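Student: kindly return the folded structure for what I paste below:
(one chain, ligands or ions: 1)
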Amino acid sequence: MSRPAIADIHLDHLRHNYQLARRVHGHRVLAALKANAYGHGAVPCAQALSELADGFGVAAIEEALELRAAGITAPILLLEGFFDASELPLIAQHNLWLTVHHRWQVDALLAAELSQPLHVWLKLDSGMHRVGLDPQEYRAAHAALLASGKVSDMVLMSHFARADELDAEATRQQLALFLQCTEGLSGARSLANSPGLMGWPAAHSDWGRAGIMLYGSTPFPQPHPIANDLKPVMRLSSKVIGVRELAANEPIGYGGATLTSRPSRIGVVALGYADGYPRIARNGTPVAIDGQHSQLLGRVSMDMLTVDLTDLPACGPGSEVELWGPTVRVEQVAASAQTISYEILCNVKRAHFRYHGGKA
Ligand SMILES: Cc1ncc(COP(=O)(O)O)c(C=O)c1O
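Tutor: Just a heads-up that it's a prediction; the model follows:
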């Protein structure tokens, strides 16, 4: 027997969501597999997508090499490029694509001795002000890299700060600046992340870069027609391991911060913040117990949390509890914890991962 905390990963849903992204975008789509595929397992996700995806995006060379070691031969883009010029020989050897987002990277690349020219995604800061070359230096960097013989292909890219706000003027401004800075330059274009793909058709270009939507979660706070077609890839569940019958006004859990509002049956579930369930999730956060809706009550502890079984008399020890998945949207849990589904998903750990619907 083992602990019943389980993350079921539905790879067929991942493929479905990728195909949806591809259809919506109409052109190539890079699948973002960084942070262990947003907590879902980078290698199994890459394997499930290997015959579909146009390429993969990761945060660093370690993540890329893990995929190459697992036999993934598809293009892999380093979304932050290299952190030190000493990575460049490995990047060339493993045929990785790299983002160039800062002047020091341009200079390092121009100075490098390379065994072969590299495939570069040259990133413009069109308004997010995190990474990306300034508009004034972009065209010169493009020209210098192309003239250097160090670059085999160039993709012109930028990233949106507020594409999840469907009426944001800032996104229109980012688009306009990108078009202005790249006008007449050679190379494919890449702009749209998931919210760009789903909500900003004007941002569709040669390459989309999809992350959160692939895992079945919507980037938008409000309903969206494409979100209805996304299928959650992860289902996090565990079991009730104990039941407490409490009178009204009794405290539950650490800090005694929650008092029962009525005579209550409280179920103890074997899953806590060490598994990635957010400790800050509030009373009332939805859960599903044997398929029926209920709620979190009391403070989440490291290995356990407590739920309301008062109106579910048939539920007790052994009942199955879904923390998120097809019945409880991960976005609801994220909202209750004042964060976003991205963070919730990529924090999942320790649970027993079970993969379903592998290669079709
Ligand atoms: C450069 C870049 N492109 C695309 C993505 C995917 O974003 P999303 O998960 O919103 O689709 C990310 C992830 O943050 C990113 O850093």
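
Student: show me what contacts the residue of the stretch 51-200 of the chain found nearest the ligand?
Tutor: Ranked by CB to the nearest ligand atom, the top residue of the stretch 51-200 of the chain for proximity to the ligand is residue 194, at 3.1 Å. For glycine as for every other residue, the C-beta is placed from the backbone atoms N, C-alpha and C. With contacts defined as CB atoms under 8 Å, 6 or more residues apart in numbering, residue 194 is in contact with 21, 210-214, 219.

Student: what residues does the stretch 151-300 of the chain put near the ligand?
Tutor: Residues of the stretch 151-300 of the chain lying near the ligand by CB under 6 Å from any ligand atom: 159, 193-194, 209-212, 219.

Student: one more time with 8 Å, if that's ok
Tutor: Residues of the stretch 151-300 of the chain that fall close to the ligand, judged by CB under 8 Å from any ligand atom: 157, 159, 163-164, 193-197, 209-214, 219.

Student: can you tell me the SS state at residue 68?
Tutor: When states are read from DSSP: H, G, I helix; E, B strand; the rest coil, the local structure at residue 68 comes out as helix.

Student: likewise for the one 3 residues further on?
Tutor: With three-state DSSP as the basis, the three-state label of residue 71 is coil.

Student: quick one, phi/psi of it?
Tutor: phi 90, psi 10 (degrees, to the nearest 10).

Student: let's number from 37 now, not from 1
Tutor: Fine by me, first position is 37 from now on; the one you just mentioned is residue 107.

Student: now it: how far from residue 74?
Tutor: Residue 107 sits at a distance of 21 Å from residue 74 (criterion: CB to CB, to the nearest Å).

Student: related to what we said a few turns ago, can you pick the most crowded of the contacts of residue 230?
Tutor: Neighbour counts for these were taken using other CB atoms under 10 Å; the highest belongs to residue 250, with 28 neighbours.

Student: so what's the closest residue to that one other than its chain neighbours up against?
Tutor: Nearest in space to residue 250, with sequence neighbours left out and distances taken as CB to CB, 6 or more residues apart in numbering, is residue 53 at 4.8 Å. For residue 53, the contacting residues are 249-252, 266-267, 269, taking CB under 8 Å, 6+ apart as the criterion.

Student: could you dump those residues to TSV with secondary structure and pLDDT?
Tutor: Putting the contacts of residue 53 into TSV (DSSP: H, G, I helix; E, B strand; the rest coil; pLDDT from 0 to 100) gives the following:
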residue	secondary structure	pLDDT
249	helix	98
250	helix	98
251	helix	98
252	coil	98
266	coil	98
267	coil	98
269	coil	98
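
Student: return the member of these nearest to residue 333.
Tutor: If you rank the contacts of residue 53 by distance to residue 333 using CB to CB, residue 252 comes first, at 27.2 Å.

Student: and that closest one, how many neighbours?
Tutor: As a burial measure, the neighbour count of residue 252 was computed by other CB under 10 Å and equals 26.

Student: how about the one residue in the chain that gets nearest to the ligand, what does it touch?
Tutor: For the chain, the residue positioned closest to the ligand under CB to the nearest ligand atom is residue 247, at a distance of 2.2 Å. Taking CB under 8 Å, 6+ apart, we find residue 247 in contact with 67-68, 70, 74, 93, 229-230, 378.

Student: which of these fall within helices?
Tutor: In helices, defined here by DSSP state H, the members of the contacts of residue 247 are 70, 74, 230, 378.

Student: ok, which pair from those residues is furthest apart?
Tutor: Of all pairs drawn from the ones in helices among the contacts of residue 247, the greatest distance, 13.3 Å, lies between 70 and 230 (CB to CB).

Student: contact partners for residue 63?
Tutor: Contacts here follow CB under 8 Å, 6+ apart; on that basis residue 63 touches 240-244.

Student: what segments of this structure are helices?
Tutor: Listed in chain order (using DSSP H), the helices of the chain are 47-61, 70-75, 78-85, 97-105, 124-129, 139-147, 171-184, 205-218, 230-235, 366-372, 377-382.

Student: and those helices, which is most packed in?
Tutor: Per residue and on average, the most neighbours among those fall to helix 230-235, with a mean of 26 (mean count of other CB atoms under 10 Å).

Student: chain center to that helix, what's the gap?
Tutor: Here helix 230-235 is found 14 Å from its chain centre; the criterion is CA atoms, centre = their mean, to the nearest Å.

Student: what mean pLDDT does that helix get?
Tutor: Here helix 230-235 scores 98 as its mean pLDDT.

Student: so residue 239 is in contact with residue 195, correct?
Tutor: No - because the distance of 10.6 Å does not satisfy CB atoms under 8 Å, residue 239 is recorded as not touching residue 195.

Student: what do those two both touch?
Tutor: Contact criterion CB under 8 Å, 6+ apart; residues bridging residue 239 and residue 195 by contacting each: residue 227.

Student: quick one: contacts for residue 207?
Tutor: Counting by CB under 8 Å, 6+ apart, residue 207 makes contact with 196-199, 201, 232, 236, 239.

Student: considering the residues you listed, which possesses the most neighbours?
Tutor: Comparing these on neighbour count, residue 232 comes out first with 27 neighbours (neighbours: other CB under 10 Å).
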